[in-house]
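In: sequence below, structure please.
(chains A and B)
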Amino acid sequence: MKTEQAENVQEPNRNFRAIDSATGFRISDDFERFSQKNDAFSRSTWDPVLQSKKATNFFQAYLMPHSKPRKGEGYQHLDYALRNAAWHMATTIRQIAPGRGEGFQDYFTAHEEGWNEEVDVGNPEQASKVVKNAAIMLGADLVGVAEYDERWTYQERFRRSTLKPGQIPTAEAPDLPEGMTHCIVLGSQMPLSLNRTVPSALSGGASGIGYSQDASTCISLAQFIRNLGYEAYASMNDTGPSIPYAVQAGLGEYSRAGLVITPEFGSRLRFTRVFTNMPLQADQPIEFGVKKFCELCRKCSNECPPQAIAKGDAVSEPHNASNTKGITKWTTNAEKCFKFWCSQNTECSICIRVCPYNRTFNNIFDRAWRRLAGSPLRRLALWLDDKFNSHTAKKAGWWWKERNANKQRYSSITIEK
Amino acid sequence: MGTIHVTDYNGVSHPLKISTGEKVMEVIRDAGFPIEAICGGEGACATCHVHVASQWYDRLPKANQKELDFIEIAMTYEPGMSRLSCQISYTEEYDGLEITITDEDD
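Out: Numbers count the residues shown, from 1 in each chain, chains lettered A, B, ... in the order given. Predicted coordinates:
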């Protein structure tokens, strides 16, 4: 992968940072840090625009007695049972400290005492390699380092647990301690086989197991850094958005669907972060042709049931309160997206399933396709994807019964996750 | 011009006028019934889901693959009854069609 300067040239302003030239984010003078109370999930608890019985049911469905299994294939008891089991550890760790929503509203605090002085692990370049090796061992599939960027820390954090009925949440400052210099971004792939069953409740197990395992990975990595005598705070959906950091850390490129497309897993992965004051060497953003491919391709926006994904060019105007102000980018309408999630009482990731980059890249054909998609022959790559790479949905019955029907032994070597 | 009969959450039947070529979803929604149709009538969600009376179900054209892919999303999916109302275009042979709007919130 080569690193190139992005095409966009921006007028420097008080919100501009040098790295923006490489990430492609155009940050304007009216940029405002995002407030967590305005994400669609938070708004559904206090904003009448997104409050509904369906939204309440949606959240409650993560607890089995309220899951509402039904007759549709992929939405039956077995499917909700697995989805909710996959979410179980993330849900449990979330409640580990009274008054906090760890991993969702607050960073993780499940740490033991580390080392009492900073251990020398070499220069920043060497230290980054140490940390990256540890991250992969601890469960990450992809890891990169970005410099700490205060623009991606929430202006205000949101506390659902203290919200009274009818109350609009009050401002509460983020509690990430000052002095953090770097953000380690961890990516973990979601199982391709489950993703192929989208839309279904079963497919929600892909994000559930992602959250549960990610919590373990980022808490463990933060503990590793603490064991070396540095400060480290593990973060999942709390503290700020992950996407800008994933781009800045060189894990992938920003895409039409508002997700990061990586060379290894497409957009079929989740991100967590560890904030630290450990001296590290930041990675550089990468460019392998995603932006130009997305300009040509509309599969995610065409297939999105509520039409929440941009069909046109990157714009600076937000759709609603759930978008960050002052960034020119492809922007998703989170209100429409969330309402569709609620309508089917589970998550959706059709945009990930239908993306031409949703491949394993563990074979020569996928790697050749990626090279073609990043070249001036990207239109041919799109045609080839249409012709040969089916992204159509598989039914839940295929996942439970058919895909491994001929297997005699069940091991992680022989069974596709 | 014909009539379809729409039964609401409370079991009350409402006759609605409908013209040839009109989508059943549009007529129900425009009459004020709680039909979201968030995909805009493309058969790509299940927020216009209805139950069709059994005597009418087999008389309607079969659902295409896209409708089949999405119809099972519905909270009240019922094999042999469930259809997406955006995928039913009215013709004279459906005069008297009976459908029920189901409470997807329960």
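In: please make it C-alpha for all contacts and neighbour counts, starting now.
Out: OK.
In: and the pLDDT at A:Glu7?
Out: At A:Glu7, the predicted lDDT confidence score is 48.
In: for the residue in the stretch 51-200 of chain A that chain B sits nearest to, what are its contacts?
Out: Closest to chain B within the stretch 51-200 of chain A is A:Gly72: 4.3 Å, counting by CA to the nearest CA. The contact partners of A:Gly72, by CA atoms under 8 Å, 6 or more residues apart in numbering or on different chains, come to B:71-74, B:77-78.
In: mind telling me what element it is part of?
Out: For A:Gly72, there is no host helix or strand (DSSP states H and E).
In: A:Ala234 now?
Out: Assessed by DSSP H and E, A:Ala234 sits inside strand A:232-235.
In: which parts of the stretch 1-150 of chain A are strands?
Out: For the stretch 1-150 of chain A, the strands defined by DSSP state E, counting those that start in this stretch cover A:26-27, A:142-147.
In: the first one: how far from the chain's middle?
Out: In other words, strand A:26-27. The chain centre lies 21 Å from the centre of strand A:26-27; the measure is CA atoms, centre = their mean, to the nearest Å.
In: parallel or antiparallel, list what pairs with the strand holding A:Ala234.
Out: Paired with strand A:232-235 in the same sheet, following DSSP bridges, are strand A:269-276 (antiparallel).
In: whichever helix or strand comes after the strand it pairs with packs against which elements?
Out: Per DSSP H and E, the first helix or strand lying C-terminal to strand A:269-276 is helix A:290-296. Judged by 3 or more CA pairs under 8 Å, 6 or more residues apart in numbering or on different chains; DSSP states H and E, helix A:290-296 is in contact with strand A:253-254.
In: re earlier: hmm, who's touching the helix or strand following the strand holding A:Ala234?
Out: Later in the chain than strand A:232-235, the nearest helix or strand by DSSP H and E is helix A:243-248. Where contact means CA under 8 Å, 6+ apart, the residues beyond helix A:243-248 that reach it are A:19, A:23, A:144-146, A:152, A:183, A:185, A:252-254, A:259-260, A:271, A:283-286.
In: give me the helix or strand of chain B that scores worst on average pLDDT.
Out: Every helix and strand in chain B was compared by mean pLDDT, DSSP states H and E; the lowest is helix B:65-71, with a mean of 90.
In: where among the strands of the stretch 1-150 of chain A is average confidence lowest?
Out: Among these, strand A:26-27 has the lowest mean pLDDT, at a mean of 92.
In: that older thread, just the buried residues from the contacts of helix A:243-248, in PyMOL please.
Out: The buried residues among the contacts of helix A:243-248 can be selected in PyMOL (16 or more other CA atoms under 10 Å in any protein chain shown) with this line:
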select buried, chain A and resi 23+144+145+146+152+183+185+252+253+254+259+260+271+283+284+285+286
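In: need the contact list for the closest residue to A:Arg100 other than its chain neighbours.
Out: Of all residues not flanking A:Arg100 in the chain, A:Asp106 sits nearest, at 6.2 Å (CA to CA, 6 or more residues apart in numbering or on different chains). Applying CA under 8 Å, 6+ apart, we find A:Asp106 in contact with A:100, A:175, A:235, A:238-239.
In: tell me the pLDDT of A:Gly166.
Out: For A:Gly166, the model assigns a pLDDT of 66.
In: just A:Arg100 next, same as before
Out: Predicted confidence (pLDDT) for A:Arg100: 86.
In: these two touch, right, it and A:Ile93?
Out: No - counting by CA atoms under 8 Å, A:Arg100 does not reach A:Ile93; the two are 10.2 Å apart.
In: for the residue at minimal distance from the centre of chain A, name its beta-bridge partners.
Out: Nearest to the geometric centre of chain A sits A:Arg270, at 4.0 Å (CA atoms, centre = their mean). Beta-bridge partners of A:Arg270, counted by DSSP bridges, are A:Ser188.
In: ok, it to A:Thr56 distance?
Out: The gap separating A:Arg270 from A:Thr56 is 25 Å, by CA to CA, to the nearest Å.
In: who touches residue 13 in this structure?
Out: With no chain named, the answer covers chain A. By CA under 8 Å, 6+ apart, the contact list for A:Asn13 reads A:28-29.
In: actually chain B
Out: Neighbouring residues of B:Ser13 by CA under 8 Å, 6+ apart: B:5-7.
In: tell me the residues of chain A that contact chain B?
Out: Within reach of chain B by CA under 8 Å from any CA of the partner chain, chain A has these residues: A:53-54, A:57, A:70-73, A:75, A:199-200, A:303-307, A:336, A:340, A:343-345, A:393.
In: recalculate using a threshold of 6 Å.
Out: Proximity of chain A to chain B, by CA under 6 Å from any CA of the partner chain, involves residues A:54, A:72, A:305-306, A:344.
In: select from those residues the one having the most neighbours.
Out: The residue in the residues of chain A next to chain B with the most neighbours, by other CA atoms under 10 Å in any protein chain shown, is A:Pro305 (26 neighbours).
In: confirm that residue sits in a helix?
Out: No - using DSSP: H, G, I helix; E, B strand; the rest coil, the secondary structure at A:Pro305 is coil, not a helix.
In: out of the strands of the stretch 1-150 of chain A, which comes closest to B:Val12?
Out: Closest approach to B:Val12 among those is made by strand A:26-27 (55.0 Å; CA to CA).
In: so which of the contacts of A:Gly72 comes closest to A:Phe31?
Out: The closest of those to A:Phe31 turns out to be B:Ile73 (CA to CA; 38.5 Å).
In: so that closest one touches A:Gln344, yeah?
Out: Yes - B:Ile73 is in contact with A:Gln344 according to CA atoms under 6 Å; the separation is 5.4 Å.
In: spatially central residue for chain B, please.
Out: Mean-position check on chain B, CA atoms, centre = their mean. Result B:Ser85 at 2.9 Å.
In: what is the burial count for the nearest residue to that residue once chain neighbours are set aside?
Out: Counting by CA to CA, 6+ apart, B:Ser85 lies nearest to B:Met25, which is 4.6 Å off, once chain neighbours are set aside. Number of residues near B:Met25 (other CA under 10 Å) recorded here: 25.
In: isn't B:Met25 up against B:Cys86?
Out: Yes - between B:Met25 and B:Cys86 there is a contact under CA under 6 Å: 4.7 Å.
In: partner residues bridging B:Ile4?
Out: Assigned bridge partners for B:Ile4, using DSSP bridges, are B:Leu16.
In: look up how far B:Pro15 lies from it.
Out: 6 Å.
In: state the distance from A:Asn333 to chain B.
Out: Noted for A:Asn333: a distance of 13 Å to chain B, by CA to the nearest CA, to the nearest Å.
In: so that residue touches A:Ala308, yeah?
Out: Yes - in this structure A:Asn333 lies within contact range of A:Ala308 using CA under 6 Å: 4.8 Å.
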